[in-house]
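Colleague: next input, structure requested:
(2 chains)
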Protein chains: 2
Amino acid sequence: MRLSRFPLATTKEMPADAQVISHQLMQRAGYIRKLGAGLYTWMPIGLKVLQKIEGIVREEMNRAGALETLMPAIHPAELWQESGRWEIMGAEMLRLKDRHGAEFCYGPTHEEVIVHTARQDIRSYKQLPINYYQIQTKFRDERRPRFGVMRAREFIMKDAYSFHMTHEDLAREYDNMRQAYIRIFTRLGVDFRPVQADSGNIGGSASEEFHILAGAGEDLLAVAEGGSYAANIEAAATLPQPAPAAPSATLSKVSTPGQKTCEQVSKFLSVPLTGKVKLLVVKGAEGGLVAIALRGDHQLNEVKAGKHPLVASPLTLADPAEVQRLFGAEVGYLGPVGCPVPVIADHAAAAVADFVCGANENDHHLSGANWGRDCSYVEQADLRNVVEGDPSPDGVGTIKFYRGIEGGHIFQLGRKYTEAMRFSVLNEAGEAVTPYMGCYGIGVSRLAAAVIEQKHDANGIIWPDAVAPFRVLICPIGSDRSPAVKDAAEALYAALQAKGIDVALDDRGQRPGSMFADADLIGIPHRIVIGDKGLATQQYEYKQRAAAAAEMIPATVEAVLAKLA
Amino acid sequence: MRLSRFPLATTKEMPADAQVISHQLMQRAGYIRKLGAGLYTWMPIGLKVLQKIEGIVREEMNRAGALETLMPAIHPAELWQESGRWEIMGAEMLRLKDRHGAEFCYGPTHEEVIVHTARQDIRSYKQLPINYYQIQTKFRDERRPRFGVMRAREFIMKDAYSFHMTHEDLAREYDNMRQAYIRIFTRLGVDFRPVQADSGNIGGSASEEFHILAGAGEDLLAVAEGGSYAANIEAAATLPQPAPAAPSATLSKVSTPGQKTCEQVSKFLSVPLTGKVKLLVVKGAEGGLVAIALRGDHQLNEVKAGKHPLVASPLTLADPAEVQRLFGAEVGYLGPVGCPVPVIADHAAAAVADFVCGANENDHHLSGANWGRDCSYVEQADLRNVVEGDPSPDGVGTIKFYRGIEGGHIFQLGRKYTEAMRFSVLNEAGEAVTPYMGCYGIGVSRLAAAVIEQKHDANGIIWPDAVAPFRVLICPIGSDRSPAVKDAAEALYAALQAKGIDVALDDRGQRPGSMFADADLIGIPHRIVIGDKGLATQQYEYKQRAAAAAEMIPATVEAVLAKLA
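Modeller: A predicted model of the protein is given here:
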């Protein structure tokens, strides 16, 4: 492509509303233009990136045997009422009425639509398994759209839905999709991690997220160094610990006036945080309250705790007034000794001996407390966030934290939607059975931003080759006064095109500084500078976008191709 | 593709709501499935066709130098208020509110969005001309969605928008787009006509529609046999005719009791319809009424008449009571002799001598009337529909009618939108000027249906090669019991794939009748049948979908490729 015919619209102005680097760079480099809150136009250079990402996703989904379809964006309310989600979905789902007053939504996801479509055609076990996918525009009415296309309202998603006769076959396809996702993210050229995840309100059992590692990522990931375990911190497991040492201290009450937090008490009493046990009081699954015991240095994991059978879901803190009434003390002085409600102890809290805890009396704590001798718990469970240095729950390696941007999510849904929408097929015995279902999403348009969050420097974007708008940019210096430069640039441009390389020629007649600044900002991986000086010794200047310095290479197509290899 | 992994969902059931053959066949062949009124899911086999059409459109738009973008489907109301169309657009435009109560629409077209996008980046004449396009999902809330994807509510459109410094440059790009459209429709493999068209409420001057000829088409096209003129009947012009012969009859009043229509009068008085002049009374441009004189066998063209400077736009018939009051006679007995309102005569009506017309007195007509001697008109104009046999208005050939389905429409918009939205650029003299604009649409998803309307027979669809889901289908006969047949089918399948041919292998184990019925219904252009009998003499059976009979060809890849050439 000639840049004279493929207008760039780069700018040094920093967009006022762009909080993250990918949004700033996409706007400054002319990849996107804002139409309204969370609504963006993909400009020609931006769409090239989007189409390359789409192309990789499509190829790998096809390779995995999934069948591409295209479903409507607008869904009749009846379908969502049938699954029961019309009432459950919040304000994020955009609801609308047609000219006749009939209710619809702009689909935020397509489980209902695909089940409705599949049940029209699939009647026999012989037609399963099947995996349908689409690459399609969705809308989620975010309360506060931000971060450009990373959290837009209108966005492009690849969503796939599979149907199976057995849970085992669902697990097989889930793994097939997992492998396809690994191929996709590998081909994108980014550092990524598949991590175990919470299923959230999509439902189902197993689920994994695919994260692109980036400092600005909204998610915290627990990854085993020296092992293969990785999980979103929401879902990362901790292990039971060895039983506590035998009590060696005597239980005694100490005055701790105004010392409410673990940090305050630890300092006040000169005991390490790890020697403190704190109590959080939450609503119980069957009414009443339960107390969760955590080690002083640990944080409650609300997702894991909310799934404990004794705890109300979603996790809800107890009313402080009710706590005061039951415990006779305010939050900050609670402890398991003489606790009026059942205690569930986190594994790490259960492993502490001679600990400090609240005395259930204002301004007082206990020291030398021990499980068994002084207090007890009804159950021991995994209730806290992992911390760096924790052993990996699979026994291999040690947990380290990374920040990630969620690019994909795969789910084993089970029969939640197929049951609700009465989709049944005949099995080999001629009996009607409900199929199992999986779903597999990739945030196609957000991936463009996520790649930039990982791949940029002070000068601009650093695209991986596979998704760059152009792989190579040819910059002729002074082509207006040097026919040799102009001819060499045109010849190289034609030669690379003939080799099927996606190459751009900067024939806008800009000065070198401006050309190079644009090249860096838009993030072209490979830059070839052609000037009279280099040509005098039969050389081009080559610079890899991420490299510190340029180098001289022979002025041949082969030398350029060697750099691209 | 193996059909065992690419499930067909063909059915003999005729969908109850499918009125046109393309809707019936797309549903029966499993190309689409209905989600709601005017909402369709494109199943895997249907999406293959859609993607091939998209691919042709994209290639030719790129070849023509247009730049692909992707604009949001959801538009802020403010933009449409700025252009003035928020109030004008009827109930077809789906309006909605987000969670904060802000108003939006689901874009039925993108003039406002592209002008808003362009005015952010384009400030100088140096950046023009430019032509942006997108292939994107639109929504029009049709009152009565019907005909499947031919008139769906949610549909895919290619829309392009160009900007120019001068009207001449707009005309140049308009022709460039016209040539691109001719290449697109030619590559689709259909019989089509570009025809002059009315611009409707999009506005602007020149416009042409691209029609796929089909008996079920909603539009009537006037095409010159032996010439190049072609126009939608709405826009087709008629020529002035030679002045009438000198009067030879005397004017006389005749009693025609109860004879109101031209047909009745013609029969009653035994004069040909072409010897009758009828009068239609309509509202005038500046209040009051005007009368339009037409020859008895001709029909008023409301679009052309509505554009006449003396006639109110849109064309509105006069109130019968007012006509009675002014003329002293009811509609059916009106005529130009003694007419109380100005008369505009259609060219053909103005060329008749010694004509019969209403006497402006109930139950009476005049015979032997003549322009000049007995009555007059204030203007002569082109006000009627063309009829078959009319001379082409460019002087070459004779008009014949065809029915067509509109697949594309190109417009010279002028400065309607750029002015309303205050988009200006600096010209060479540094002055702010308003650019000219063109727009160019193709109904991508409706084209799939339009092709079927032209290409089908009693057994199903007959796809042109370029848009067929598969070009070739291999049908092995008895492959379960004949390893030779199975091996030959697999070998041919692999060989054609290696040649880059989009080939399908029917490995479902169906009986021949069922395989052939499916092949015909889904419309694969080339069918190769492999059986033991043919193999015994080293032959395949080849059938071109549209051919009456199959033929035997040598059992070689070369022989198959020769048939595809």
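
Colleague: contacts for stretch A:179-196 next, please.
Modeller: Applying CB atoms under 8 Å, 6 or more residues apart in numbering or on different chains, the contact partners of stretch A:179-196 are A:53, A:56-57, A:60-61, A:63-64, A:66, A:178, A:207-213, A:221-223, A:230-232, A:235-236, A:402, A:404, A:407-408, A:410, A:440, A:442, A:447, A:450-451, A:454-455, A:464-467. For glycine as for every other residue, the C-beta is placed from the backbone atoms N, C-alpha and C.

Colleague: how far off centre is it?
Modeller: 12 Å (CA atoms, centre = their mean, to the nearest Å).

Colleague: tell me the buried residues in that stretch?
Modeller: A:180-181, A:183-185, A:187-190, A:192-196 (16 or more other CB atoms under 10 Å in any protein chain shown).

Colleague: among the contacts of stretch A:179-196, which ones are buried?
Modeller: Buried, going by 16+ other CB under 10 Å: A:53, A:56-57, A:60-61, A:64, A:66, A:178, A:207-213, A:221-223, A:230-232, A:235-236, A:402, A:404, A:407-408, A:410, A:440, A:442, A:447, A:450-451, A:454-455, A:464, A:466-467, out of the contacts of stretch A:179-196.

Colleague: thinking again about what came up before, and the contacts of stretch A:179-196 near chain B, which?
Modeller: The subset of the contacts of stretch A:179-196 within reach of chain B, by CB under 8 Å from any CB of the partner chain, is empty.

Colleague: give me the residue from the stretch 251-400 of chain A nearest chain B.
Modeller: Going by CB to the nearest CB, chain B is nearest to A:P314 of the stretch 251-400 of chain A, at 21.5 Å.

Colleague: quick one: average pLDDT of the helix or strand hosting A:T186?
Modeller: Using DSSP states H and E, the element containing A:T186 is helix A:167-188. Averaging pLDDT along helix A:167-188 gives 97.

Colleague: ok and the next helix or strand along the chain from that helix relative to helix A:167-188, angle-wise?
Modeller: Downstream of helix A:167-188, the next assigned helix or strand under DSSP H and E is strand A:192-196. Counting by axes from the mean of the first three to the mean of the last three CA atoms, to 10 degrees, strand A:192-196 lies at 160 degrees to helix A:167-188.

Colleague: where in the stretch 151-300 of chain A is pLDDT low?
Modeller: A:199-205 (pLDDT under 70).

Colleague: ok, which pair from the buried residues of stretch A:179-196 is furthest apart?
Modeller: A:G189 and A:Q196 (24.3 Å; CB to CB).

Colleague: and the residue of the stretch 401-550 of chain A found nearest chain B, how far is that from A:E154?
Modeller: Minimum separation of the stretch 401-550 of chain A from chain B (CB to the nearest CB) falls at A:S445, amounting to 9.0 Å. A:S445 sits 9 Å away from A:E154, going by CB to CB, to the nearest Å.

Colleague: kindly report the same for A:S514.
Modeller: The value you get for A:S514 to A:E154, if CB to CB is used, is 34 Å.

Colleague: have a look at these two and say which one is more surrounded.
Modeller: Remark: of A:S514 and A:E154, A:E154 carries more neighbours, 24 against 12, as counted by other CB atoms under 10 Å in any protein chain shown.

Colleague: for the more buried one, give me phi and psi.
Modeller: When read as degrees, to the nearest 10, the backbone of A:E154 gives phi -100, psi 130.

Colleague: quick one, what contacts it?
Modeller: A:G38, A:L39, A:Y40, A:T137, A:K138, A:F139, B:P72, B:A73, B:I74.

Colleague: hang on, the earlier thing: any chance of the buried residues of stretch A:179-196 in CSV, with distance to A:A494 too?
Modeller: Compiled in CSV, the buried residues of stretch A:179-196 are given as follows (distance: CB to CB, whole Å):
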residue, distance to A:A494
A:A180, 37
A:Y181, 38
A:R183, 33
A:I184, 33
A:F185, 35
A:R187, 28
A:L188, 30
A:G189, 27
A:V190, 32
A:F192, 37
A:R193, 42
A:P194, 43
A:V195, 46
A:Q196, 51
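
Colleague: which one of those is nearest A:A484?
Modeller: A:G189 (35.6 Å).

Colleague: ok, now which ones touch A:M43?
Modeller: Counting by CB under 8 Å, 6+ apart, A:M43 has contacts A:A9, A:G30, A:Y31, A:I32, A:R33, B:T69, B:T117, B:D121.

Colleague: if you set the cut-off to 6 Å instead, what comes out?
Modeller: A:G30, A:R33, B:T69 (CB atoms under 6 Å, 6 or more residues apart in numbering or on different chains).

Colleague: same thing with A:L521?
Modeller: With CB under 6 Å, 6+ apart, A:L521 has these contacts: A:T10, A:A29, A:G460.

Colleague: CA atoms only: put the helix or strand that contains it into PDB for me.
Modeller: Using DSSP H and E, A:L521 falls within helix A:512-522. Provided in PDB are the C-alpha atoms of helix A:512-522 (Å, rounded to 0.1, in the frame of the first residue of the first chain):
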ATOM      1  CA  PRO A 512      12.700  11.700   7.500                       C
ATOM      2  CA  GLY A 513      12.000  12.800  11.100                       C
ATOM      3  CA  SER A 514       8.300  12.900  10.400                       C
ATOM      4  CA  MET A 515       8.300   9.600   8.500                       C
ATOM      5  CA  PHE A 516      10.200   7.800  11.300                       C
ATOM      6  CA  ALA A 517       8.000   9.300  14.000                       C
ATOM      7  CA  ASP A 518       4.900   8.000  12.100                       C
ATOM      8  CA  ALA A 519       6.500   4.600  11.500                       C
ATOM      9  CA  ASP A 520       7.200   4.200  15.300                       C
ATOM     10  CA  LEU A 521       3.900   5.500  16.400                       C
ATOM     11  CA  ILE A 522       1.800   3.200  14.100                       C
END
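
Colleague: follow-up on the earlier one: CA atoms of the helix holding A:T186 as PDB?
Modeller: Output of helix A:167-188 as PDB, limited to C-alpha atoms (Å, rounded to 0.1, in the frame of the first residue of the first chain):
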ATOM      1  CA  HIS A 167     -20.200 -34.700  29.800                       C
ATOM      2  CA  GLU A 168     -17.100 -36.600  28.700                       C
ATOM      3  CA  ASP A 169     -17.600 -35.400  25.100                       C
ATOM      4  CA  LEU A 170     -18.100 -31.800  26.300                       C
ATOM      5  CA  ALA A 171     -14.800 -32.100  28.300                       C
ATOM      6  CA  ARG A 172     -13.100 -33.400  25.100                       C
ATOM      7  CA  GLU A 173     -14.300 -30.500  23.000                       C
ATOM      8  CA  TYR A 174     -13.400 -28.100  25.800                       C
ATOM      9  CA  ASP A 175      -9.900 -29.300  25.600                       C
ATOM     10  CA  ASN A 176     -10.000 -29.100  21.800                       C
ATOM     11  CA  MET A 177     -11.000 -25.400  22.100                       C
ATOM     12  CA  ARG A 178      -8.400 -24.900  24.800                       C
ATOM     13  CA  GLN A 179      -5.800 -26.100  22.300                       C
ATOM     14  CA  ALA A 180      -7.200 -23.900  19.500                       C
ATOM     15  CA  TYR A 181      -7.000 -20.900  21.900                       C
ATOM     16  CA  ILE A 182      -3.400 -21.600  22.700                       C
ATOM     17  CA  ARG A 183      -2.700 -21.700  18.900                       C
ATOM     18  CA  ILE A 184      -4.600 -18.400  18.400                       C
ATOM     19  CA  PHE A 185      -2.800 -16.500  21.200                       C
ATOM     20  CA  THR A 186       0.500 -17.900  20.200                       C
ATOM     21  CA  ARG A 187       0.000 -16.800  16.600                       C
ATOM     22  CA  LEU A 188      -0.900 -13.300  17.800                       C
END
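
Colleague: give me every residue in chain A lying close to chain B.
Modeller: A:9, A:33, A:35-36, A:39, A:41-44, A:47, A:67-72, A:74, A:76, A:91, A:96, A:98-99, A:117, A:120-121, A:141, A:154 (CB under 6 Å from any CB of the partner chain).
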